[in-house]
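kindly return the folded structure for what I paste below:
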Amino acid sequence: MPSAHTKLRDWMQHPAYRPWLAALAGAIGVLCFAPFDLFWLAPLVWLSLFGLLRNADSPRQAALTGWAFGSAFFLGGVSWIYVSLSAFGGMPWWLAGPATLAFCVALAGYPALAGWAFKRWQPEKHWQQAFLFAALIAAVDWLRSWIFTGFPWLSLGYSQTVPSPLAGFAPLIGVFGLSLIVAFCSALLLRWRIGVPVLLAFCLCGFGLRQIAWTQPDGEPISVALIQGNIPQDMKFQPGAFIRTLSLYRDLIAANPAQLTVLPETALPAFINHLPTDYLEELKTLARRQGGDLIVGTITGERDSSYYNSAVSLGSSPLQIYSKQHLVPFGEMIPAGFAWFMAYANIPMSSFSAGPASQPPMAVSGRNIAVNICYEDVFGDEIIRALPQAGILVNLSNTAWFGDSLAQPQHLQIAQMRSAETGRPMLRATNTGMTAIIDQHGQLKTALPPFETAVLIGSISAYVGQTPFGRFGNLPFLGLLMTSLLLSQWPRRHTS
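Modelled structure (predicted):
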C-alpha cells in the first residue's frame, strides 16, 4: 500500500494540480521582499518552482507552470499599478483593472519562458539541472530589465539585501548575480545533504565579503536635510494648492538648515522659469546659510516643445540641471500606438522628453552628487555611469502615485541594492515616503514614517573607490550566466 509520502508526491506531480501549486508558491514569494523581508524563505519558494518544473511532462506544461507562478507573484507584488491608473490617473475601473491584470500576466511570460526552456533542455544530472535553472531564472530577470524599456521590479536578487548574508555578493555581481546564486542554491536543496552545505558556504562567503571596504570616505561628512512634503497626489497639480505647496517647502527649508537640502521629484510642480523670481531667490538665500545647496525636483523646458522631469540645484554652487533619462511608459511617455489608452487617463505631464544618457554629477556642497529620479534607481547599469566621479547617490521620488501600497518599501529595498552595488551612500527625498538615508553597504541608517510631513536630518560622507560592479557593471554576471549554461549542457549525453 502506498505511503502517505508517496501519495502526497503523486498528488503534487499530478498535471491538474501543478499550476495551482505553482501559483501558491508565487504568491508566497512576495513575502521574500520588502516590507516582509523574509529573505531566508526565497530558496524554499524557488525550490518549489524547480521541483514543479523538473517533474513537468513537457515544455508546454513547464511553461504553464512558470506562467502560473509568475501570474500570482506579480499580481501579489506589483498590482499597486492599479492605484496609479485608477485612483490618481482617473482611469475607469473597467479599464484600469484589466490593464493591471494584463500587465502582470505579461510579466508572467518571463518565468513561463524560463520554464519552457528548462524542460526543453533539461539535463539528466541534478547538479546540471541546478545550473540550468539558475541561469534561466537570472536570465529572465536580466531580460526584464531592458526589454520594452525595462521593469526589473521584484527581481529575485532584491530579496537578498541587508541583512541577508548573501548581500555581500552585490558589490561583485550585482542584483542579477544574486538571482543566479539564490536560484542555484534553491535547486540544490532538492538534495538537502548537498544543498544545505552549499547554501551555508555561500552565506559564509557572502558574510566575509560584507567585511571588505570596497570604497573609502572622502572628506568630512556634510549635514543633510531631506524634505518629505506629503502633498496628496490628487492635489499636487491643482492650481488652488500651488501657493500652499510653495509655502510649505519654503517653511520646511527655513526651519531645517543644512549644507545639502533635497526636495522630492516635482516638488515644485511647474516649469521652473514660470515660478516667481523672488521665491527662487528666497530658496537660494536659505540654501546659502551654511554655504550649502538645495536640490529640488521641478520641470524644465517648454510645454510647447520639449520639457523634462528635472532636478535643479540652487544655492552657493552654480545652477545645475539633471534631466531624467529613463522615462516611465504611460506615466511620463506614451508608447507608440497607445494614445487611445492614455485618453482614458488624467495624468498631467505625460509626454516628457528624455534627458541625455550621459550627464555629469552635480557639484554641490563641495561634493559630486549622482542624481536619479523616481524609478531610475531600478537600473543599476545606468546608475554606475556617474562613477567613479560621484561620491553620493541622491534619489528624488514621488511614489504618492501608488498610495499606501507595497511600492514604497519595495522601492526603498531597490535603493539599498544600488548602494551595496556601488559602495556609495544614497539619500532618498520622497513626497510621501520612504525618505531615507542608506549607507555605502546598503544598510538603512534612518527613514521617515510614510505619509507624514517631516524632515529627515542627518549627515553623510562622500565615498571614493570602485566596487567590481561599479567598474564592470553586469559583465561579471553575464560571464557567470554563460558559464552556468555551458556547465548545464556539457558534456551532454544523448540516449536513444
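
strands of this protein, residue ranges please.
216-228, 260-262, 293-301, 307-315, 321-323, 362-364, 367-373, 392-397, 426-430, 436-438, 444-447, 454-464 (DSSP state E).

export these as TSV, with columns for distance to Ser484, mean neighbour count and mean pLDDT.
C-beta here means a position set from N, CA and C on the backbone, and glycine is covered the same way. Formatted as TSV, these follow (distance: least, C-beta to C-beta, whole Å; neighbours: other C-beta atoms under 10 Å; pLDDT from 0 to 100):
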stretch	distance to Ser484	mean neighbour count	mean pLDDT
strand 216-228	33	19	97
strand 260-262	41	29	98
strand 293-301	41	24	96
strand 307-315	38	24	96
strand 321-323	37	22	97
strand 362-364	39	23	97
strand 367-373	31	25	98
strand 392-397	30	28	98
strand 426-430	30	28	98
strand 436-438	30	24	98
strand 444-447	32	16	97
strand 454-464	32	19	98
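
among the ones you listed, which is nearest Cys104?
strand 392-397 (22.2 Å; C-beta to C-beta).

got the angle for the closest one vs strand 454-464?
150 degrees (axes from the mean of the first three to the mean of the last three C-alpha atoms, to 10 degrees).

and the contacts of strand 392-397?
262-265, 267, 295, 297, 311, 367-377, 383, 411, 415, 418-419, 422, 424-431, 460, 462-463 (C-beta atoms under 8 Å, 6 or more residues apart in numbering).

ends of stretch 265-280, what's the gap?
With C-alpha to C-alpha, to the nearest Å as the measure, the ends of stretch 265-280 fall 17 Å from one another.

for that stretch, the distance to its chain's centre please.
29 Å (C-alpha atoms, centre = their mean, to the nearest Å).

give the buried residues for it.
Glu265, Thr266, Ala267, Leu268, Pro269, Phe271, Ile272, Leu275, Leu280 (16 or more other C-beta atoms under 10 Å).

could you check how far the residue lying closest to Ser306 once chain neighbours are set aside is from Gln325?
Residue nearest to Ser306 in three dimensions, not counting chain neighbours: Ser353, with 4.1 Å by C-beta to C-beta, 6 or more residues apart in numbering. With distances taken as C-beta to C-beta, to the nearest Å, Ser353 is found 10 Å from Gln325.

which one's more surrounded, those two?
Gln325 (20 against 17; other C-beta atoms under 10 Å).

now do the closest residue to the more buried one other than its chain neighbours against Val162, distance only.
The shortest distance from Gln325 to any non-neighbouring residue, by C-beta to C-beta, 6+ apart, is to Gly355 (4.4 Å). Per C-beta to C-beta, Gly355 is found 31 Å from Val162.

over to Leu487?
30 Å.

more neighbours, those two?
More crowded of Leu487 and Val162, by other C-beta under 10 Å: Val162, with 23 against 16.

touching, that one and Gln416? I think so.
Yes - counting by C-beta atoms under 8 Å, Gln416 is a contact partner of Val162 at 6.4 Å.

what sits in contact with each of these two?
Common neighbours of Val162 and Gln416 (C-beta under 8 Å, 6+ apart) are Gly442, Gln443, Leu444.

who's in contact with the second one?
When contacts are counted by C-beta under 8 Å, 6+ apart, Gln443 touches Val162, Gln416.

state the distance from it to Met417.
From Gln443 to Met417 the distance is 12 Å (C-beta to C-beta).

so what does the residue nearest to Gln325 look like in phi/psi?
phi -70, psi 170 (degrees, to the nearest 10).

ok, it - contacts?
Counting by C-beta under 8 Å, 6+ apart, the residues that Gly355 touches are Tyr308, Ser310, Tyr322, Ser323, Lys324, Gln325.

biggest separation within those, which pair?
It's Ser310 and Gln325 that sit farthest apart of these, by C-beta to C-beta, at 10.7 Å.

show me this structure divided up by domain.
11-212+474-489, 216-466 (automatic domain parsing).

what separates the last one from the chain centre, distance-wise?
Taking C-alpha atoms, centre = their mean, one finds the center of domain 216-466 at 16 Å from the center of the full chain.

low pLDDT regions in the stretch 1-150 of the chain?
1-14, 87-89 (pLDDT under 70).

at 80 instead, please
For the stretch 1-150 of the chain, the stretches flagged by pLDDT under 80 are 1-16, 86-91.

pLDDT weak spots in the stretch 351-496 of the chain?
351, 401, 491-496.

one more time with 50, if that's ok
495-496 (pLDDT under 50).

which one of the strands of the chain lies nearest to Tyr82?
strand 392-397 (19.3 Å).

pairing partners for that closest one, with directions?
Partners of strand 392-397 in the sheet, by DSSP bridges, are strand 367-373 (parallel), strand 426-430 (parallel).
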